[in-house]
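S.K.: quick one, fold the following:
(chains A and B)
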Amino acid sequence: MEDFEFINAMVLLANFVIVPALSYGSQLALATLSLTIIYGVLRFSNFAQADWMSFGTMATILFTWLFQSAGISAGILPTALLALPFAIIVTALFCLLIDRSVYSFYRKQKSQPIVLMIVSVGVMFILQAVVRFIIGPNDRKFFDGEKYIVHALDFKNYFGLEEGLTIKSTQLITVVVALVAMISLFYFLQKTKLGKSMRAYSNNEDLALLSGINPEKIVIVTWIISSILITTAGVLYGLDKSFKPFTYFNLLLPMFAAAIVGGIGSPIGAVIGGYVIAFSEITLTYAYKKFFVYLLPESLEPSGLMQVLSTDYKFAISFIILVIVLIVRPTGIVRGKII
Amino acid sequence: MNDELRAPIAFAIMGILLAIVGFTQSWSVSLSVINLCIISSIMAIGVNLQWGYGGLFNAGVMGFTALGGLTAVLVSHDPIYEAWDKAGVGIVISTIIFVLSITALLFVFRNIENKQIRNTLIILIIVFGLIGINNFYGPSIDIIESINPAKTGFLGGLGLPIIFSWLIAAVVAGLVAWVIGKITLRLRSDYLAIATLGISEIVIAVVKHEDWLSRGVKNVSGLDRPVPYEIELQQSEWFLNLIERINFSKLEAIQSLSSRQDLLNDLVIDSSGIFVKLCYAGLFFSVLLLIFYLSQLALNSPWGRMLRAIRDNEEAASAMGKNIFAQHLQIFIIGSAIIGIAGAMLTTLDGQFTPGSYRPLRFTFIIWLMVIIGGSGNNLGSIFGGFFIWFIWIEAEPLSIGFMNMLAGGLEYDNPLRMHLLGSAAHLRLFIMGLLLLLALRFMPKGVIPEKIQKK
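M.R.: Sure thing, here's the model as predicted:
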């Protein structure tokens, strides 16, 4: 098997680093997009965004249960994908309700962004209570359907390699759904009249008002797009791993980090930021020992785990990247706007 | 309502609420609530200095609290000599390498102009720093954590009285705040919030997972106490006499000598608990008074006026020649130091350090509620907020259970809906907190005790 050392090493890397990072990155990118769109149009850092993610996922789980009990399934695909559109509608309606009853007051007063941020902390409390009240604080798995596309064992036997590659169906679904969502979002923002007026409003509110853009309409569309993105991100994450309100809340920091690293307020930046954070989290916490065992001659084999940081410090990685970006290039990779 | 009367009325209501708990539940419970209320008030003053005076949004209160708690452990726990003997050198060397690498990085970053050389140097320093640290650090922590892991398994502390840790915690939290402030205070206010949110998560990750330093999730318990132990009190002559004298009439009424002795014993056991809590309350209250006094002095000094000027109009203050960044950094450090003190006090009160219990909701966002509902910019308001919100946070649980019972009143005992309602009653307090915050922001944005606008 001498000749296959290099291929084995690459398969190992693909299995444990590239595939998981791609799917986590896609989930993070979607979530960050929703955060950045709220930031760009409504002009505040929404601390409740991670809890909107839990809320949307919770709604999806409830619809999934409903469909399962009615005997409806999507065949090899998870039922949650069928439930997703309904959950999005519920989430968007609830978003709009909260906007009407809470945020719109401060918008009319032209409050400072920081006041809206504190208001979002209040919304965060309420959402956490609602989610925990309805579905409880525990871990839930809601995946059904075909689990693997490529199974490690089959892969090994087929190619005669020592290392196997596993691709879970959720990982492929994640990447495909995320791509579709991103492409449609960019199409919407660049090509449609509504998308253009949204960008105009985000760029210069007064000028947009002068050109006859209806601000209330923009706000409604923004919340709807944000709920589509955040619910999709939450469901993909939950299908891939599992749903737990506290874990979702902890995604707030990577989301913010991704938004700032990419350039806050810039959609393309959010996508780049999401992947940058995901890839760094996984590449820096992976133990490369086996990888080097394949590549290097026996005499040079590493003794340690060859791990840059222990997995306990995933948070630290998004934070460190955030700090580096803040020092070196505060506007982010794609020059975001400073609102 | 007359603004002058707001504070006395608010505190009177608070006193009545606590008295109600004292009469209906027990004075011991009431005193425990008061002790935590005082600590919360100190944290709230710290946040108020940053937000109310300086307009800085610190979302990392939890981190500074945990740093204070860690300091309490590191100051008061006895040193584990065996661990130091076997692995102390490795830890010291890796610390030195760490500090040297950071200094070298800063030096390179500041003094080398050529980008290519600078970047190569930075990468070289990071790589060699990591290799060096890994060489000494890994083996040393393995040794430390293997020494009597059930009881210690960490380096221990300095073995000093725990009360010193309150001061040292201020220094530690202040130093960390200085580093964060240096990086983020030049940027927009949102960045500070996000960066502090991040640093607090990292602090928690460190205390949870660096077992050699803090025992991690195995917790450190049995910390030193600044006040006497109940069991000591129960055996000391003067305390027995004191209790006998206080309850003289009650004891006189009982004829039989043996039952009189029984009653006395019960009274002594009850009162020893209350006495200990009173001692804590006295200590905490003096700290609160001192911090309140100093903050008031600062608020009314020219320095406080300048801070408010910066908060209200940065450009104007800057045009008057004030260095906004330096002032923000100062207030950020001072506020964080106060939060650190409160964190050390909290660990002192608990007698144990439990990294797993630090949650952002409980230690960051609740404190924010205290400041905003109490009245940002007013220290008295923060104290009231600390008392009021903590009281609600504690009492919300029994109240929600009562409320749920009422809701589910008509249902069968084992009705699933009833079980669900009762099971999730605990989450209702999050709802109450959120609602309080939203209502306060909407209808009382200046808080219960608003900031005084001084006119001359």
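
S.K.: give the closest residue to the residue of chain B found nearest chain A in space, chain neighbours not counted.
M.R.: Nearest to chain A, among the residues of chain B, is B:Gly434, at 2.9 Å (Cβ to the nearest Cβ). Where C-beta positions appear, they are placed from N, C-alpha and C, glycine not excepted. Of all residues not flanking B:Gly434 in the chain, A:Phe125 sits nearest, at 2.9 Å (Cβ to Cβ, 6 or more residues apart in numbering or on different chains).

S.K.: helix or strand right after the helix or strand hosting that neighbour?
M.R.: Assigning secondary structure by DSSP states H and E places A:Phe125 in helix A:113-135. Next helix or strand after helix A:113-135 toward the C-terminus (DSSP H and E): strand A:148-150.

S.K.: these two touch, right, A:Asn8 and A:Phe159?
M.R.: No: applying Cβ atoms under 8 Å as the test, A:Asn8 and A:Phe159 come out as separate, 10.0 Å apart.

S.K.: those two: which is more packed in?
M.R.: Neighbour count, other Cβ atoms under 10 Å in any protein chain shown: between A:Asn8 and A:Phe159, A:Asn8 has more, with 20 against 15.

S.K.: where does pLDDT dip in chain A?
M.R.: Scanning chain A for pLDDT under 70 picks out the ranges A:1-3, A:301-305, A:336-339.

S.K.: give me the residue from it nearest chain B.
M.R.: Nearest residue of chain A to chain B (Cβ to the nearest Cβ) works out as A:Phe125 at 2.9 Å.

S.K.: residues in contact with that residue?
M.R.: By Cβ atoms under 8 Å, 6 or more residues apart in numbering or on different chains, the contact list for A:Phe125 reads B:361, B:365, B:430-431, B:433-435, B:437.

S.K.: rebuild the residues you listed as JSON lines, extending it with secondary structure.
M.R.: Putting the contacts of A:Phe125 into JSON lines (DSSP: H, G, I helix; E, B strand; the rest coil) gives the following:
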{"residue": "B:Leu361", "secondary structure": "helix"}
{"residue": "B:Phe365", "secondary structure": "helix"}
{"residue": "B:Leu430", "secondary structure": "helix"}
{"residue": "B:Phe431", "secondary structure": "helix"}
{"residue": "B:Met433", "secondary structure": "helix"}
{"residue": "B:Gly434", "secondary structure": "helix"}
{"residue": "B:Leu435", "secondary structure": "helix"}
{"residue": "B:Leu437", "secondary structure": "helix"}
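
S.K.: which bits of the stretch 201-350 of chain B sit near chain A?
M.R.: Counting by Cβ under 8 Å from any Cβ of the partner chain, the residues of the stretch 201-350 of chain B close to chain A are B:201-202, B:205, B:208-209.

S.K.: how does it look with 6 Å?
M.R.: B:201-202, B:205, B:209 (Cβ under 6 Å from any Cβ of the partner chain).

S.K.: how about JSON lines for the residues you listed, with pLDDT added?
M.R.: Formatted as JSON lines, those follow (pLDDT from 0 to 100):
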{"residue": "B:Glu201", "pLDDT": "86"}
{"residue": "B:Ile202", "pLDDT": "86"}
{"residue": "B:Ala205", "pLDDT": "87"}
{"residue": "B:His209", "pLDDT": "85"}
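
S.K.: near chain B, which residues of the stretch 151-300 of chain A show up?
M.R.: Going by Cβ under 6 Å from any Cβ, the residues of the stretch 151-300 of chain A near chain B are A:253, A:256.

S.K.: element containing A:Lys217, please.
M.R.: Going by DSSP H and E, A:Lys217 is in helix A:215-240.

S.K.: the helix or strand harbouring B:Val268: how far from the chain's middle?
M.R.: Using DSSP H and E, the element containing B:Val268 is helix B:257-300. How far helix B:257-300 lies from its chain's middle: 20 Å, per Cα atoms, centre = their mean, to the nearest Å.

S.K.: ranking by neighbours, what's the top pick from the residues of the stretch 201-350 of chain B next to chain A?
M.R.: Among those, B:Glu201 has the most neighbours (other Cβ under 10 Å), with 24 neighbours.

S.K.: name the residue closest to the centre of chain B, please.
M.R.: The centre of chain B sits closest to B:Gly343, judged by Cα atoms, centre = their mean, with a distance of 3.3 Å.

S.K.: isn't that residue up against B:Thr71?
M.R.: No: using Cβ atoms under 6 Å, B:Gly343 is not in contact with B:Thr71, being 7.8 Å away.
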